[in-house]
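# compute the structure for the input listed below.
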Amino acid sequence: MVNPNEITPHLFRTEYSKIVAVLCRSFDIKHIEIAEDIASETFLKASEYWALNGLPDNPAAWLYTVAKNKAKDYFKHLSVIEKNKQQEVKTSDHEYQMIDFDTKSITDSQLEMIFAACNPINSQETQICLALQILCGFSVEEIANAFLSKHETIKKRLQRGREALRAHHFKINSLSEQDIHKRLETVLTTLYLLFNEGYFSRTHHFLIRKDLCLEAIRLTLILTDNPFTNTPEANALLALMCFQSSRLEARTNDEGEAILFDEQDETLWDKALIEKANYYLIEACQSNNSSVSKYHLEAGIAYWHTSSAEDKWQHILDLYNQLVIIEYSPVIGLNRTFAFSKVYGKEKAVIEAEKINLINSEYYHGLMGYLYSELNTDKAIYHYEEAIRLTKSKPEKQAIQKQIDLLRQSK
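Modelled structure (predicted):
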């Protein structure tokens with residue numbers, strides 16, 4: 001028998017944002033807090049009811065029905081006790097019937113919510129924070145980790161951003177194709193961050209959060225299914241997600257411990273996802289008018305990671321050399337250095353890594369530990385211990401400790 005306490009958190013991640021999006025589409029995004037309250041009350045009722053009566057045959061449909069009824073009850077109650085509010089929230093009985101949770105309505109509502117959150121009245125950083133919280137269900141802590149920012153900074157940014165959204169009447173059908181394209185860059189960045197948090201979580205005891213990876217893929221598919229947002233960049237991002245997701249099963253063992261790339265069992269790679277990734281990468285390269293984006297390059301890198309070609313690391317390094325030119329970040333620099341070590345050896349790669357010198361980064365020390373593992377055991381152990389000290393990820397600590405133990409045994 002399925003335990004409701006186990007399935008409710010998963011449903012919350014996948015269904016909460018759908019409920020909020022559909023309700024906001026029905027009675028305006030300026031009432032987003034009402035939509036969020038109704039969604040929260042729906043899940044509270046689910047947790048209580050299911051604990052006593054067990055799961056319904058279709059939990060998602062049960063949630064949608066309860067949410068629709070709660071929305072209707074809320075506005076009926078409001079119209080009785082405060083008639084002025086009834087005029088402000090322009091929702092009639094007819095419009096109650098228009099609240100629909102079919103597949104098309106959910107898809108259209110979430111697409112609208114993506115572009116509502118990514119409104120240029122806010123800074124790009126605020127747009128991404130809002131989308132991660134409202135559409136993807138990120139907590140303030142998760143967003144702070146994604147931005148490498150302080151908790152209070154993100155909290156204040158979200159408050160200001162929400163105030164700006166409430167003051168701005170928004171409907172996606174009022175946007176031109178040009179307006180949509182202007183916002184699309186931020187939308188793609190948001191989904192990219194969402195996938196990254198799932199692929200390598202820095203806030204949970206699990207290295208991988210498959211629910212976030214799947215949600216990112218699902219939302220990106222919405223973009224590629226819409227003619228206005230089916231761009232080369234969107235297809236390249238979807239290809240990247242599929243390539244990376246194809247190796248999820250091989251990245252951890254049965255105990256949830258991380259497995260290094262060189263030690264992964266390739267038979268666990270999902271060949272069907274790799275084929276889908278190849279399809280979307282080809283789609284991303286069809287247009288003659290588009291420039292090569294960071295998503296194209298990262299998808300290309302991910303493609304070569306799934307290849308068994310002898311010269312794959314040279315191809316990966318060549319793509320990283322292009323990537324650091326168009327969008328450099330310390331993490332990209334470290335990843336490039338790892339590929340550099342595969343082509344030119346660890347001794348030369350140490351010199352490249354020292355140029356980056358991110359002494360407060362667990363990724364830097366983890367890479368240095370790997371590079372020194374065959375050059376200087378004591379230095380390798382020192383850097384691995386620094387990586388353990390700096391990381392919050394329990395699976396990552398366990399994986400690094402195994403490397404330290406092996407080095408000590410070899411001394």
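# counting by contacts, list what the helix or strand where Lys18 lies packs against.
Here Lys18, judged by DSSP states H and E, is contained in helix 4-27. For helix 4-27, the elements it packs on are helix 32-53, helix 59-81, helix 93-98, helix 103-117, helix 210-225, judged by 3 or more CB pairs under 8 Å, 6 or more residues apart in numbering; DSSP states H and E. All C-beta spots, glycine's among them, are computed from the backbone N, C-alpha and C.
# rerun that using 6 Å as the cut-off
Using 3 or more CB pairs under 6 Å, 6 or more residues apart in numbering; DSSP states H and E, the elements in contact with helix 4-27 are helix 32-53, helix 59-81, helix 103-117.
# buried ones in stretch 224-242?
Neighbour-count burial for stretch 224-242 flags 224, 228-229, 231-242 (criterion: 16 or more other CB atoms under 10 Å).
# equivalent analysis for stretch 59-69, please.
Neighbour-count burial for stretch 59-69 flags 59, 62-64, 66-68 (criterion: 16+ other CB under 10 Å).
# same thing with stretch 133-149?
For stretch 133-149, the buried set under the neighbour-count rule, 16+ other CB under 10 Å, comprises 133-138, 140, 142-147.
# now do the helix holding Lys18 and helix 32-53, the angle between them.
Computed by axes from the mean of the first three to the mean of the last three CA atoms, to 10 degrees, the angle separating helix 4-27 from helix 32-53 equals 150 degrees.
# so for helix 4-27, mean pLDDT?
Average pLDDT, helix 4-27: 77.
# what comes up buried for that helix?
Residues 4, 8, 11-13, 15-27 are the ones in helix 4-27 that count as buried (16+ other CB under 10 Å).
# I'd like the next helix or strand past the strand or helix carrying Leu132.
For Leu132, the host element (DSSP H and E) is helix 124-134. Using DSSP H and E, the next helix or strand after helix 124-134 towards the C-terminus is helix 140-147.
# that next one - contacts with which helices or strands?
Partner elements for helix 140-147 (3+ CB pairs under 6 Å, 6+ apart): helix 151-166.
# how about residues contacting the helix holding Lys18?
With CB atoms under 6 Å, 6 or more residues apart in numbering as the test, helix 4-27 has contacts from 32, 35-36, 39, 43, 47, 50-51, 55, 59-60, 63, 67, 71, 89, 91, 99, 101, 105-106, 109-110, 112-113, 135, 137, 211.
# next: stretch 360-368.
Under the contact criterion CB under 6 Å, 6+ apart, stretch 360-368 has outside partners 334, 353, 358, 383, 386-387, 390-391.
# farthest pair in these?
Between any two of the contacts of stretch 360-368, the greatest separation by CB to CB is 17.5 Å, found for Ala353 and Thr391.
# settle it for me: which of the two has more neighbours?
A count of neighbours by other CB atoms under 10 Å puts Ala353 above the other of Ala353 and Thr391, at 24 against 19.
# how many residues are close by His77?
10.
# oh, that last question was meant for Ile381, not what I typed.
19.
# for it, which three-state class applies?
helix (DSSP: H, G, I helix; E, B strand; the rest coil).
# check contacts around it.
Counting by CB under 6 Å, 6+ apart, Ile381 touches 404, 407.
# how much space between it and Gly369?
Distance, Ile381 to Gly369, by CB to CB, to the nearest Å: 7 Å.
# equivalent analysis for Gln398, please.
Counting by CB to CB, the gap from Gln398 to Gly369 is 15 Å.
# ok, these two, which is more surrounded?
Regarding Gln398 and Gly369, a neighbour count based on other CB under 10 Å identifies Gly369 as having more, with 23 against 16.
# looks like that one contacts Tyr384 (just checking).
Yes - using CB atoms under 6 Å, Gly369 is in contact with Tyr384, at 3.7 Å.
# so where does the most centrally placed residue in the chain fall, helix or strand?
Closest to where the C-alpha atoms of the chain average out (CA atoms, centre = their mean) is Leu194, at 1.1 Å. Here Leu194, judged by DSSP H and E, is contained in helix 177-199.
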